[in-house]
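In: Just a sequence and a predicted model for now, questions to come.
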Amino acid sequence: MIISAKKKQQHFDAVREYIGNNYISKKVESMKNRPFDDFYGLSGDSLLETTQMIYPSYSMSSADNRRLEDLVDNIDESFSTMVLRLIDEKGLTDTKVYKKAGIDRRVFSKLRSNEDYQPSRNTAILLSMAMKLSLDETRDLLAKAGYALSHSSRSDLITEYFLTNSIYDIDLLNETLVHFGERSVSE
């Protein structure tokens, strides 16, 4: 996707704002040196606000059309099985997914033939983008591989911004990551 310099700057500004609103490192740093009694003395709303600031809760959005039964039914599913199930559910083909993700065919073949396949974190993110997964679906997929998105990581926040806004352009994601001094997911 080719976008004008003005649109690209607007995009970068929106990502910068998203990072500013969600990055928790500074908030946690300011709390690290506080005596335990300061935390212990918190109650009610202030305790809830502090807890949510450090551990933001993630609720399933109704747009995901996910049911609790579906989540429970797939709790023991491996990463590989989940990827293959999602490809089928979304009416995609293996070839389309691994090409769009920029993943080598041999890597995808390992995923298909080995249920215990453990991808790199970036491979899991690339697959999520290629399948146009929602943020919740991506979190679930990353968890199957032993990974998570963190609000204390700028690259994770950038990835989260893309997923939240249904922007599935991997080249633009990589360009945005590099613009903010982060490593590309395609490296």
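Out: Perfect, I can see it now.
In: what domains does the record give for the protein?
Out: 1-29+149-187, 77-145 (automatic domain parsing).
In: Can you check which helix is longest in the protein?
Out: The longest helix of the chain (DSSP state H) is helix 5-22.
In: follow-up on the earlier one: packed most tightly, which of the domains of the chain would that be?
Out: The highest average neighbour count among these, using mean count of other C-beta atoms under 10 Å, belongs to domain 77-145 at a mean of 17. Any C-beta I mention is one placed from the backbone N, CA and C, and that applies to glycine too.
In: So which other helices or strands are in contact with the longest helix of the chain?
Out: Judged by 3 or more C-beta pairs under 8 Å, 6 or more residues apart in numbering; DSSP states H and E, the packing partners of helix 5-22 are helix 154-164, helix 170-179.
In: The first one relative to helix 5-22, how many degrees between them?
Out: Between the axes of helix 154-164 and helix 5-22, defined by axes from the mean of the first three to the mean of the last three C-alpha atoms, to 10 degrees, the angle is 110 degrees.
In: Assign a three-state SS to P119, would you?
Out: coil (DSSP: H, G, I helix; E, B strand; the rest coil).
In: scratch that, K132
Out: Secondary structure for K132, judged by three-state DSSP, is coil.
In: mind checking pLDDT for it?
Out: pLDDT, K132: 98.
In: which residues does it contact?
Out: Contact partners of K132, counting by C-beta atoms under 8 Å, 6 or more residues apart in numbering, are 90, 166, 168.
In: could I get the residues you listed as CSV with pLDDT and secondary structure?
Out: Formatted as CSV, the contacts of K132 follow (pLDDT from 0 to 100; DSSP: H, G, I helix; E, B strand; the rest coil):
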residue, pLDDT, secondary structure
K90, 96, coil
S166, 96, coil
Y168, 97, coil
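In: Brilliant, that's me finished.
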